[in-house]
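# Please find the sequence and the predicted model below.
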Amino acid sequence: MSYFSHHVFFCCNQRKPGESCCNDHHATEMQTYAKDRIAQLGLKGAGKVRINKAGCLGRCDDGPVLVVYPDNVWYTFVDKEDIDEIIDQHLAGGRIVERLRLPDQAA
């Protein structure tokens, strides 16, 4: 068994002005929000959920993005309500949020 049930990485990369960049869509703020909410729900820690910042995850054109492991599910998001839905449905409930899910492979 893995140390965490889920490990979530938010792309918080900051690129030069004019280049696609997850952080231009408030990714760092949403990562902090998710981390705080996971703690409030008692889902933080060993055997539970870990929320991390990541550098570029290579999908900035789809951004902002986050990825949930070990499920290998990629999401995009717009606001706190989207983050809440990912936490409530996927991380706490075990159901993928299809409306926010990104395709597994590049088109």
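Yep, that arrived.
# quick one: low-confidence parts of the chain?
1, 105-107 (pLDDT under 70).
# hey, where'd the helices end up in it?
Taking DSSP state H, the helices of the chain run over residues 27-40, 80-85.
# From the contact counts, what lies against the shortest one?
With contacts defined as 3 or more CB pairs under 8 Å, 6 or more residues apart in numbering; DSSP states H and E, the secondary structure elements packing on helix 80-85 are helix 27-40. The C-beta positions use only the backbone N, C-alpha and C, and glycine is treated the same way.
# which helices and strands does the helix it packs on pack with?
strand 6-11, strand 49-54, strand 65-69, helix 80-85.
# let's see 6 Å
Helices and strands touching helix 27-40, by 3 or more CB pairs under 6 Å, 6 or more residues apart in numbering; DSSP states H and E, are strand 6-11, strand 49-54, helix 80-85.
# most tightly surrounded among these?
strand 6-11 (a mean of 23; mean count of other CB atoms under 10 Å).
# how many degrees apart are that one and strand 65-69 in direction?
Angle between the axes of strand 6-11 and strand 65-69 is 160 degrees (criterion: axes from the mean of the first three to the mean of the last three CA atoms, to 10 degrees).
# Parallel or antiparallel, list what pairs with strand 6-11.
strand 49-54 (parallel), strand 65-69 (antiparallel) (DSSP bridges).
# With distance to residue 41 added, can I get those strands in TSV?
Output for the strands paired with strand 6-11, formatted as TSV (distance: least, CB to CB, whole Å):
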stretch	distance to residue 41
strand 49-54	9
strand 65-69	16
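# which stretch among these comes nearest residue 87?
strand 49-54 (8.2 Å; CB to CB).
# Output that closest one as PDB, nothing but the C-alphas.
The C-alpha coordinates for strand 49-54 follow below in PDB (Å, rounded to 0.1, in the frame of the first residue of the first chain):
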ATOM      1  CA  VAL A  49      -4.500  12.700   1.000                       C
ATOM      2  CA  ARG A  50      -1.400  14.800   0.300                       C
ATOM      3  CA  ILE A  51      -1.700  18.000  -1.700                       C
ATOM      4  CA  ASN A  52       1.500  19.300  -3.300                       C
ATOM      5  CA  LYS A  53       2.700  22.100  -5.600                       C
ATOM      6  CA  ALA A  54       4.500  21.000  -8.700                       C
END
